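Trainee: quick one, what's the 3D model for this:
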Amino acid sequence: MTDVSEGGRLLAAVDIARAALVDEGQQPGAHRRSVAEGEWAAAHYFDAELAGYRGWQWCVVLAGSPGSDEITLSEVVLLPGEGSLLAPPWVPWAERVASGDLAPGDLLAAEPDDPRLVPNQIDTGDEFRFDSESEDPDEIGQIAGEIGLGRRRLLSRDGRADAAQRWYDGDFGPSSEMAQAAPFTCWTCGFYVPLAGALRAGFGVCANEYAADGRVVSAEYGCGAHSDVQAPKGEGSPAYDAYDDGALEVVSVTRDAEPARS
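Mentor: Below is the predicted model of the structure:
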């Protein structure tokens, strides 16, 4: 028996391939094509008449061996065909998350190579400094700005205390629902920018666009997007709920049952 005749015998074994699907509990549709898979194997494709799997096909792989007339079933698999209904492309969670998505109890880890964060030993240029060749080395401008020179009115001690109490008791204070569910506090977070002056010890501004971005937060506030949150193991969560074959109800609709059209 030559390789050619063996290959032809496998390609012609449509009934054997169909019977294999029936034995698997399936009801295959029309036979679409047979494809040689090497010298001793052939794949047969049948329409998969399954609800919810439009355009999909059953693929049955049959195999032979030199010197034997026996045909062996190698594999049965459901594959998408041309124009089949497919799941949407996978989108990583880091590309799906947006500002405002964070809820109490949620954890949002920054990527290890997040360009918004650097190790604390690196000079980020956050502290004000002068160029000795073009700026005044005595830093008069900086000092004047911090003590309020050039402004007609400044915040009083009482005004500062009122603001501090309001922020502390507000949505970005330690008693908020978000802070109560958070594993870390803001004062240890890389996204936390402390305020200047007397309020520096207790308050800062959040610089995380996925959290309290641009808001004044208490140093004791916290959320799930802390810079030290560890990313979960695995591939992440799916973008869409899984399709449940068992929840699909197949009904037949006759023309008489169709609603009237205006």
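
Trainee: how about the helices in this structure?
Mentor: Remark: helices assigned in the chain by DSSP state H are 3-11, 14-23, 93-96, 140-147, 157-169, 177-180.

Trainee: quick one: which of the ones you listed is nearest residue 60?
Mentor: Among the helices of the chain, the nearest to residue 60 by CB to CB is helix 14-23 (4.0 Å). For every residue, glycine as well, the C-beta is placed using N, CA and C.

Trainee: in that closest one, what's buried?
Mentor: Buried residues in helix 14-23, defined by neighbour count with 16 or more other CB atoms under 10 Å: 17, 18, 20, 21.

Trainee: what's the model's confidence in it, averaged?
Mentor: Mean pLDDT, computed over helix 14-23, is 94.

Trainee: dump it to PDB, restricted to CA.
Mentor: Extracted in PDB, the C-alpha atoms of helix 14-23 (Å, rounded to 0.1, in the frame of the first residue of the first chain):
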ATOM      1  CA  VAL A  14     -16.100  10.900   5.700                       C
ATOM      2  CA  ASP A  15     -18.500   8.400   7.300                       C
ATOM      3  CA  ILE A  16     -15.900   7.300   9.900                       C
ATOM      4  CA  ALA A  17     -15.300  10.900  10.800                       C
ATOM      5  CA  ARG A  18     -19.000  11.600  11.100                       C
ATOM      6  CA  ALA A  19     -19.600   8.600  13.200                       C
ATOM      7  CA  ALA A  20     -16.900   9.700  15.600                       C
ATOM      8  CA  LEU A  21     -18.800  13.000  16.200                       C
ATOM      9  CA  VAL A  22     -22.000  11.100  16.700                       C
ATOM     10  CA  ASP A  23     -20.300   8.900  19.300                       C
END
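
Trainee: distance of the residue nearest to the spatial centre of the chain relative to residue 106?
Mentor: What sits nearest the mean C-alpha location of the chain, by CA atoms, centre = their mean, is residue 93, with 1.4 Å. Note on residue 93: its distance to residue 106, by CB to CB, to the nearest Å, is 11 Å.

Trainee: next: residue 174.
Mentor: Distance, residue 174 to residue 106, using CB to CB: 18 Å.

Trainee: check residue 31 too.
Mentor: 51 Å.

Trainee: how about low-confidence regions in this protein?
Mentor: Applying pLDDT under 70 to the chain flags the ranges 1-7, 120-152, 234-240, 242-262.

Trainee: at which residues are the strands of it located?
Mentor: Under the criterion DSSP state E, strands of the chain are mapped to 28-36, 41-48, 56-63, 72-80, 192-194, 203-206, 216-218.

Trainee: residues near residue 43, how many?
Mentor: 20 (other CB atoms under 10 Å).

Trainee: and it, bridged to which residues?
Mentor: residue 35, residue 61 (DSSP bridges).

Trainee: surely it meets residue 59?
Mentor: Yes. Using CB atoms under 8 Å, residue 43 is in contact with residue 59, at 5.5 Å.

Trainee: and the residue nearest to residue 218 when sequence neighbours are not counted, how many residues sit next to it?
Mentor: Among residues not flanking residue 218 along the chain, residue 173 sits closest, at 4.7 Å (CB to CB, 6 or more residues apart in numbering). By other CB under 10 Å, 18 other residues sit near residue 173.

Trainee: and for the one 5 residues further on?
Mentor: The local packing of residue 178 (other CB under 10 Å) involves 21 other residues.

Trainee: residue 170 now?
Mentor: Number of residues near residue 170 (other CB under 10 Å) recorded here: 15.

Trainee: again, but for residue 168
Mentor: When neighbours are defined as other CB under 10 Å, residue 168 has 17 of them.

Trainee: residue contacts, it?
Mentor: 174, 202, 218 (CB atoms under 8 Å, 6 or more residues apart in numbering).

Trainee: list just the nearest of the residues you listed to residue 117.
Mentor: Using CB to CB, residue 218 comes nearest to residue 117 of the contacts of residue 168, at 21.0 Å.

Trainee: now for the closest one: which residues touch it?
Mentor: Residue 218 sits next to 167, 168, 172, 173, 174, 179, 186, 202, 203 when contact means CB under 8 Å, 6+ apart.
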